[in-house]
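> Just need the structure, nothing else, for what follows:
(3 chains)
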Amino acid sequence: MIERTPILNIATHAILVFGLLFLLLPLYLVIVAASHSLQDVVAVPPNLLPGDQLWINLQAAWAKGHLGERFVTTFIVAMGVMTGKIVLSCITAFGIVFFDHRLKMPIFWLIFITLMLPLEVRIVPTYAVAANAFLPFQTLLDLSGITWVINAVSGVEVKLEWNLLNSYAGLIMPLIATATGTFLYRQFFLTIPEELVEAAKMDGAGPVRFLWDMLIPLSRTNIAALATIMFVYAWNQYLWPLLVVTDQSYAMIAVELSRLVPKFTATGGEVPKWHIAMAGTLIVMLPPIVVVVAMQRWFVRGLINTDK
Amino acid sequence: MAHITIQDVRKSYAKTEVVHGVSLEVQSGEFVVILGPSGCGKSTLLRMIAGLESISGGQITIAGKVVNDLEPHERGCAMVFQNYALYPHMTVGDNIGYGLKVAGLPRAERTAKVAAVAASVGLTEFLDRRPGQLSGGQRQRVAMARAIVREPAVFLFDEPLSNLDAKLRVQMRHEIRRIHNQISATSVFVTHDQAEGMTLADRLVVMNKGVIEQVGTPEEIYHAPASVYVGGFIGSPAMNFMGGMVAPKQACVALENGCRIAIPQALAAAHAGHLVQIGLRPEALNLVPAGMGAFDATFDFFEELGPARLYHFRFEDLMIAVLSSDKPPVQVGQPMGLKIAPEAVHLFSADTGKRLEASQKATESVLV
Amino acid sequence: MRRAYFKNNWVAALMVAPQLIIVFTFFYFPTSQALYWAFTLEQPWGGGNTWVGFDNFAAILGDAYYWDSIWVSIVYAIGSTALAVIMALTLAIFADRQLAGYKLYRVGMIWPYAIAAPAVGLAFRFIFTPGAGLMMFINQMFPDLWNPVDNGTQAMGMVIVAGAWKQVAYNFIFFLAGLQSIPRSLIEAGAMDGARVLRRMRDIQLPLLAPTFFFVLVINITDSFTDSFGIVDTMTAGGPSRATDLMVYKIFNDGFQGLDYSGAAAQSIILMLLVIALTFVQFRYIERKVHYT
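Numbers count the residues shown, from 1 in each chain, chains lettered A, B, ... in the order given. Modelled structure (predicted):
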């Protein structure tokens, strides 16, 4: 459209630049703090320009927080959540969309309802499950009387136990137990023309073959979108790893980060090592920022489609 | 090559029956076109042959084998879909060869077959493209090639040309017929386009509301439609219909307003006193000066078709179309005479809508 | 209705089974367990548990700290949501004009979504700390003006700013997508009718964005109740004197520091009900959105 609005254009840019600054300023201040010595960070008047200590502080934070190891752990968990989620979502949606059975809708709702309650609100009992992942099944057996029957018949006490605390399984599985990806996949599968299914049937492809040869190649954009948001989601996990991990070899990076600074308290104590903490913050921020910026298109698509 | 037998086949969804006991024989190597309006059950019938739809009742055999419970790929059929159903993420070559791949054919053999078939439909240079990069006609060819490469006993076509523009449609029609003549597999072709049916079919099956109205060669069906429905459905421009009663003495049908239309003596005698619908093809009517024909009608307007014109007349509250290649002197609002040869009149029972022939005995609706 | 299905239902069963098992283990069982605990009194890790009816709820609801926590959560929800929604909406509607630099603005607005809550919390805690940087400078000029370590209102203020900062990107993405799904022809029709840019924003874009707006609003409120743990824990740890003790933080504290599982479970149930109620509101708006298009 031909519209001349010079004043409004200037105002538009001003508003957007202001917004940009609001969002970028904290990052800038973090960088400034991370590039000075502690002395300079707490100096008055404050330093508003980056210093020359950045590399030194980054190294110090890397060493102090064992960030190398934490990177590996966090990366493994992020990959686990990503792959687990993609595979589970894909096959579950496949089972729901491409087959016709009476349990179809009940199963769909059973999975869909999990969207309602995020992990945080059921954190306490989920922790109990993580302490023994077979607890739900044990409870089922107990309640149904099967435990008692087995005990009476064979004298064997059924005690199922699988401790997930301090393990990758414990970190990953509860994070996978929601319907976000399943929903995304279902929406996508519903757009696949029926004739494609029929053509594949005429060509002699069974369901598994169809999934492998048609749906998976066709859902590449879906996979990219889901992978991006799941990576960021898993990388940034804090509450769950805080609970489930006591053995430091499984500690995740966001948790480690929070340990670089003593807890917020009323009484002073020593001055927090802000320069190190901010250097650590920078390091921890970096991978998800790179993923989001580089995969912007998939990321935005994934976000919009999973939450609707 | 295979012979298809369809015996009293039914299809119901929940409680609604959409195909009511259809029986049909398709000879080996024959090209059969099933023609009918949308919702007449023709696609459902085709899909039951393919195995994409379960059969609620009756039996289908292909090459002497009952296929009711066989999977689609076990029936030896190949199908060309209306929207082509090409796999969007595979190249043309992979699309054509996918069925062979599933069947476990070695790569070398597959490539050779795909190449041969692609050459026969003129796709050789497109083998590495994706379906999205092809034109409608080319996609259609890929769909055909995909069917041909499997050397099926039976070819099924589900309105494969309806997504093409008019010119391409005619061209592909010829191509399909040419391919059929080459490989002469048994073919069943479903369409709602009568021109497609007439040009392609060895035998035409006209369906309506889940039953077969008539089976015959295109010529038979055009010249001796078995019912009012078939008469009206086949032929463009469409047949004109008028109601009346057979008067045997004058060998004519008396219309309600007293006009008389002559019919063959034997036909009149066989159905004396019968209430009928007469069917008149537009090209069977001749324009003559007013008062010289069977009846007079008022000229309304004409359509220029090129080789001929389609004249529209008012007769009472009916519209009558006349196809004529000479250019008679007509004037809007003025009457013209319409003349009909007795043999050109189609007679249908007013009750049942069925065709009446001289050899049949009139049994119903006789006014005493 | 779809009619092209595969027949082998046992394949379908195999496909959905893993998800169902995981969902049962980590969702349905814990949720029902929370219910069970909320109505019983249990010793942590073993020991008997006795049915106590609504006693746990009565205890919580009789606890002034719990009401404080609800109040604080509401203040946080309203504050952070209002800030994040208004800001994101303004930015999105102007970014949608797609002037020069549009792509740069877009990336600039989106990247904060990538940052982990503890990182955001730590960064803002540093920015707002009276012991360093800008705030220290301000405090030297106006002594004791800023001290979130003692002042609950100030602590809440900085948590709200941090929470909103983190949420702006998410909202921006949704608003921009919502704006871009408005048919261009409508904007053009508005222009032909003589409406200029700001007028069109007010009369065409904003009304048509209403469904997205409500969706984002509800999501923000829900997230502020559930997703705020990381920020609170790293910034204030609920302090000073419970001024930022949000519901989800209190559940964590009572359950894992105080080892009061029944109390934490009862609180969880209340929070769940709240979230479910919000979700229903959200579904209603989603439905309305479907009717819209």
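
> Can you list the low-confidence ranges for the chain?
Reading this off chain A. Applying pLDDT under 70 to chain A flags residues A:1-2, A:44, A:264-270, A:306-308.

> was after chain C, sorry
Scanning chain C for pLDDT under 70 picks out C:1-4, C:42-48, C:285-293.

> Show me the residue sitting in the middle of it in space.
Centroid check for chain C by CA atoms, centre = their mean gives residue C:223 as the closest residue, at 1.5 Å.

> Surely that one touches residue C:171?
No - Residue C:223 lies out of contact with residue C:171 (CB atoms under 8 Å); the separation is 10.3 Å. For glycine as for every other residue, the C-beta is placed from the backbone atoms N, C-alpha and C.

> Alpha carbons of the helix or strand containing the residue nearest to the centre of chain C, as CSV, please.
Using DSSP states H and E, residue C:223 sits in helix C:206-226. Coordinates of each C-alpha in helix C:206-226 appear next as CSV, following Å, rounded to 0.1, in the frame of the first residue of the first chain:
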residue,chain,number,x,y,z
LEU,C,206,-7.2,-5.0,17.8
PRO,C,207,-10.8,-6.3,17.7
LEU,C,208,-9.8,-9.2,15.5
LEU,C,209,-6.9,-9.9,17.8
ALA,C,210,-9.3,-10.3,20.8
PRO,C,211,-9.3,-14.2,20.8
THR,C,212,-5.5,-14.3,20.8
PHE,C,213,-5.4,-11.6,23.5
PHE,C,214,-7.6,-13.7,25.8
PHE,C,215,-5.7,-16.8,25.0
VAL,C,216,-2.4,-15.1,25.9
LEU,C,217,-3.9,-13.5,29.0
VAL,C,218,-5.1,-16.8,30.4
ILE,C,219,-1.8,-18.6,29.5
ASN,C,220,0.1,-15.9,31.3
ILE,C,221,-1.9,-16.1,34.4
THR,C,222,-1.6,-19.9,34.5
ASP,C,223,2.1,-19.7,33.9
SER,C,224,2.6,-17.2,36.6
PHE,C,225,1.0,-19.7,39.0
THR,C,226,3.0,-22.7,37.9
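
> How about that helix and chain A, touching?
Yes - contact of helix C:206-226 with chain A (CB under 8 Å from any CB of the partner chain) involves C:215, C:219, C:225, C:226.

> Could you identify the helix or strand that succeeds that helix?
Next in sequence after helix C:206-226, counting helices and strands by DSSP H and E, comes helix C:229-235.

> roughly how far out does that following helix sit from the chain middle?
Relative to its parent chain, helix C:229-235 has a centroid offset of 13 Å by CA atoms, centre = their mean, to the nearest Å.

> next one: stretch B:261-274
30 Å.

> And the average pLDDT for that stretch is what?
Per-residue pLDDT over stretch B:261-274 has a mean of 87.

> on that earlier part again, Throw the residues of helix C:206-226 next to chain A into a markdown table and include neighbour count, thanks.
What follows is the residues of helix C:206-226 next to chain A, written out as a markdown table (neighbours: other CB atoms under 10 Å in any protein chain shown):
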| residue | neighbour count |
| --- | --- |
| C:215 | 20 |
| C:219 | 20 |
| C:225 | 22 |
| C:226 | 22 |
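
> buried set for the helix or strand hosting residue B:338?
Per DSSP H and E: residue B:338 is located in strand B:335-340. For strand B:335-340, the neighbour count (16 or more other CB atoms under 10 Å in any protein chain shown) marks B:335, B:336, B:337, B:338, B:340 as buried.

> got the contact list for it?
Applying CB atoms under 8 Å, 6 or more residues apart in numbering or on different chains, the contact partners of strand B:335-340 are B:261-262, B:280, B:284-299, B:313, B:315, B:320, B:322, B:328, B:330.

> Just the buried ones from these, in ChimeraX syntax?
Burial among the contacts of strand B:335-340 is assessed by 16+ other CB under 10 Å; the matching ChimeraX selection reads:
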select /B:261,262,280,284,285,286,287,293,294,295,296,297,298,299,313,315,320,322,330
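
> so of the contacts of strand B:335-340, which ones are in strands?
Counted as lying in strands by DSSP state E, out of the contacts of strand B:335-340, are B:261-262, B:280, B:285-288, B:295-299, B:313, B:315, B:320, B:322.

> Tell me how many other residues surround whichever residue of the stretch 101-250 of chain B sits closest to chain C.
Going by CB to the nearest CB, chain C is nearest to residue B:158 of the stretch 101-250 of chain B, at 13.0 Å. Residues lying near residue B:158 (other CB atoms under 10 Å in any protein chain shown) number 23.

> Residue A:163 now?
13.

> OK, contacts around it?
By CB under 8 Å, 6+ apart, the contact set of residue A:163 is A:131, A:132, A:133.

> Phi, psi for it please.
Note on residue A:163: backbone dihedrals following degrees, to the nearest 10 are phi -80, psi 120.

> repeat for residue B:272
Main-chain dihedrals, residue B:272, degrees, to the nearest 10: phi -50, psi 130.

> who in chain B is up against chain C?
So chain B meets chain C at B:52, B:53 (CB under 8 Å from any CB).

> Pull out the buried residues from the helix holding residue C:223.
With burial defined by 16+ other CB under 10 Å, the residues of helix C:206-226 counted as buried are C:208-209, C:211-226.

> what does the model give the residue of the stretch 101-250 of chain B closest to chain C for pLDDT?
91.

> hang on, it packs against residue B:47?
Yes - counting by CB under 8 Å, residue B:47 is a contact partner of residue B:158 at 7.5 Å.

> ranges for the helices of the stretch 1-150 of chain A?
Applying DSSP state H, counting those that start in this stretch to the stretch 1-150 of chain A gives helices spanning A:6-34, A:38-41, A:54-64, A:67-97, A:104-112, A:123-131, A:135-144, A:146-154.

> Kindly report the same for chain C.
Ranges of helices within chain C are C:9-23, C:29-38, C:55-61, C:64-95, C:102-110, C:117-128, C:133-141, C:152-180, C:184-192, C:197-200, C:206-226, C:229-235, C:247-252, C:261-292, based on DSSP state H.

> hang on, the earlier thing: take the helices of the stretch 1-150 of chain A and write them to CSV, including distance to chain C and mean neighbour count.
CSV is the format used below for the helices of the stretch 1-150 of chain A (distance: least, CB to the nearest CB, whole Å; neighbours: other CB atoms under 10 Å in any protein chain shown):
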stretch, distance to chain C, mean neighbour count
helix A:6-34, 4, 16
helix A:38-41, 5, 18
helix A:54-64, 12, 17
helix A:67-97, 3, 21
helix A:104-112, 6, 16
helix A:123-131, 4, 23
helix A:135-144, 4, 15
helix A:146-154, 16, 12
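
> Make a markdown table out of those helices and add distance to residue B:121.
Formatted as a markdown table, the helices of the stretch 1-150 of chain A follow (distance: least, CB to CB, whole Å):
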| stretch | distance to residue B:121 |
| --- | --- |
| helix A:6-34 | 56 |
| helix A:38-41 | 75 |
| helix A:54-64 | 64 |
| helix A:67-97 | 34 |
| helix A:104-112 | 41 |
| helix A:123-131 | 60 |
| helix A:135-144 | 59 |
| helix A:146-154 | 64 |
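
> right, so of those, which gets closest to residue C:25?
helix A:135-144 (5.0 Å; CB to CB).

> Could you tell me the angle between the closest one and helix A:123-131?
Orientation check (axes from the mean of the first three to the mean of the last three CA atoms, to 10 degrees): helix A:135-144 against helix A:123-131 gives 90 degrees.
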